[in-house]
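Trainee: no sequence on this one, just coordinates:
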């Protein structure tokens with residue numbers, strides 16, 4: 001599937017049950033796990049992923065971008081929320097007149113944000129829907145790459161002579 005997915009990082013961290021305890025114990029580790037999960041989602045879904053974290057409370061903070069695991073991670077500048085960054089990006093994306101641009105998806109639980117990005121032409125995906133899709137893709141990948149073991153018995157590879165010898169040994173025991 002072709003497309004671009006914007007993810008409100010802290011919104012998803014607070015929504016996914018696997019991060020419920022971890023987010024309070026070790027926020028850096030929780031972020032790293034989310035990055036890993038979304039990197040896997042990127043590979044399995046084919047969507048490009050931009051993960052946006054609020055840094056608006058960081059004094060003197062400037063917007064920072066990095067790439068890890070095939071996804072782009074953005075930390076907003078001081079005074080800018082992830083919602084604001086996503087809204088600005090969605091507006092610029094919509095203004096791009098390229099006819100064959102891939103669809104834009106946004107994952108957030110924020111109802112107002114969903115409405116705003118929908119008005120910009122983006123498709124909304126709740127964090128629950130994103131998590132369910134990731135789990136479905138992982139399950140599908142596991143099933144697809146699971147070796148299909150046919151039950152092959154040793155007996156099917158024995159000559160008649162060897163089979164008779166083994167049968168004789170079995171009867172003596």
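Mentor: Sure, I can see it. Values in this document were obtained by computation on a predicted structure and should not be read as measured data. Residues are numbered from 1 along each chain as shown.
Trainee: Tell me the pLDDT of residue 143.
Mentor: pLDDT for residue 143: 79.
Trainee: Who are the packing partners of the helix or strand hosting it?
Mentor: Here residue 143 sits within helix 127-145, counting by DSSP states H and E. In terms of contacts (3 or more CB pairs under 8 Å, 6 or more residues apart in numbering; DSSP states H and E), helix 127-145 is packed against helix 9-15, helix 27-45, strand 104-107. For the C-beta atoms, the positions are set from N, CA and C on the backbone; glycine is no exception.
Trainee: Could you give the average pLDDT over the shortest one?
Mentor: Think strand 104-107. pLDDT averaged over strand 104-107 gives 96.
Trainee: Please identify the buried residues of the very next helix or strand once past that strand?
Mentor: Per DSSP H and E, strand 104-107 leads on to helix 111-119 as the next helix or strand towards the C-terminus. Across helix 111-119, burial judged by 16 or more other CB atoms under 10 Å covers 113, 114, 116, 117.
Trainee: Tell me which helix or strand the closest residue to the second one other than its chain neighbours sits in.
Mentor: Same thing as residue 114. Closest residue in space to residue 114, ignoring its immediate chain neighbours: residue 124 at 4.3 Å, by CB to CB, 6 or more residues apart in numbering. Under the criterion of DSSP H and E, residue 124 resides in strand 123-125.
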